[in-house]
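Student: My questions are about this predicted structure, shown below with the sequence.
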Amino acid sequence: MRALAPRARAAAAVVTPIARAAIGVVVGAGLATVAFLLVMSQAQERGYTSLRFSHALGMLAGDPGLTGPNGTTLLVERISPRGLYVSLLLAVALVAAYALLLEPRVRGRWPLGGVCLGLVAFLLAGLVYGPMVGARVPADEDVAGLLGLDAGRGTPVALALASLAFGLAAARVYALIRSREWWASPEG
């Protein structure tokens, strides 16, 4: 086993800081998106909000949804694949911005960075996404409005909790993957 330790150390050295940061952004964004969408789907399932975040985002991205025989849009309880892809792309952009702009200022204090990232995500969801859904998605699909209030009084709370989960997950995963210790071999 000791013969593998120098190889493991050499492999860890090959993973450059830039590669670790890029991997941290992608993995952090993916896991943070899952955390955000889980909180939002549970809030919708439990009746705190009528907003189906990923489905409405898919509709904003041009997903036509399902159409009935007379041309009306059918409501479906599903996660839009297009909405999921757009969620992941937006998450990568947010986590990359966090990595470039915020993380250097809070280095070593990922909870603080996570709360700040969660605040940014909440403001984007409430002040940009919500009004866009309200203006562009058919009323029989989803409504959101400013801070998601048109989708129920619980929507701002659900968005805040989902955004906090997003920010903390992204910041923690990014900090772990970016650290040299994460890549070190347990033998050496």
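Tutor: Noted; the coordinates are in hand. Note that the coordinates shown come from a computational prediction; the quantities given were computed from them, not determined experimentally.
Student: Can you check the pLDDT for the residue nearest the centre of the chain?
Tutor: Note on the chain: the residue nearest the mean C-alpha position is residue 33, at 2.8 Å, using C-alpha atoms, centre = their mean. Residue 33 carries a pLDDT value of 96.
Student: The helix or strand containing it: what's the following helix or strand?
Tutor: Secondary structure from DSSP states H and E places residue 33 in helix 17-45. Going down the chain from helix 17-45, the next helix or strand is helix 53-60, by DSSP H and E.
Student: now that following helix: mean pLDDT?
Tutor: Averaging pLDDT along helix 53-60 yields 78.
Student: and that helix, how far from the chain's centre?
Tutor: 14 Å (C-alpha atoms, centre = their mean, to the nearest Å).
Student: name the helices or strands packed onto that helix?
Tutor: Contacts defined by 3 or more C-beta pairs under 8 Å, 6 or more residues apart in numbering; DSSP states H and E place helix 53-60 against helix 17-45, helix 81-97, helix 130-136. From N, CA and C alone the C-beta is placed, and that goes for glycine too.
Student: What helices and strands are in contact with the last one?
Tutor: Packed against helix 130-136 by the contact rule (3+ C-beta pairs under 8 Å, 6+ apart) you find helix 53-60.
Student: Distance of residue 179 relative to residue 107?
Tutor: Distance, residue 179 to residue 107, by C-beta to C-beta, to the nearest Å: 11 Å.
Student: ok so, going back, contact partners for the nearest residue to the residue nearest to the centre of the chain once chain neighbours are set aside?
Tutor: Among residues not flanking residue 33 along the chain, residue 91 sits closest, at 4.4 Å (C-beta to C-beta, 6 or more residues apart in numbering). Taking C-beta atoms under 8 Å, 6 or more residues apart in numbering, we find residue 91 in contact with 29, 30, 32, 33, 36, 166, 170.
Student: Recalculate using a threshold of 7 Å.
Tutor: 29, 32, 33 (C-beta atoms under 7 Å, 6 or more residues apart in numbering).
Student: Buried ones in stretch 156-165, by neighbour count?
Tutor: Neighbour-count burial for stretch 156-165 flags 156, 158, 159, 160, 161, 162, 163, 164, 165 (criterion: 16 or more other C-beta atoms under 10 Å).
Student: I'd like the average pLDDT over it.
Tutor: Mean predicted lDDT for stretch 156-165 stands at 96.
Student: For it, give me every contacting residue.
Tutor: Residues external to stretch 156-165 that are found in contact with it (C-beta under 7 Å, 6+ apart): 35-36, 39-40, 43, 48-49, 118, 121-122, 125-126, 147-149.
Student: at 8 Å instead, please
Tutor: Stretch 156-165 is contacted from outside by 32, 35-40, 43-44, 48-49, 51, 53, 114-115, 118-119, 121-122, 125-126, 147-149, using C-beta under 8 Å, 6+ apart.
Student: ok, residue 126 to residue 49 distance?
Tutor: 12 Å.
Student: Same question for residue 135.
Tutor: To residue 49, residue 135 is 18 Å away according to C-beta to C-beta.
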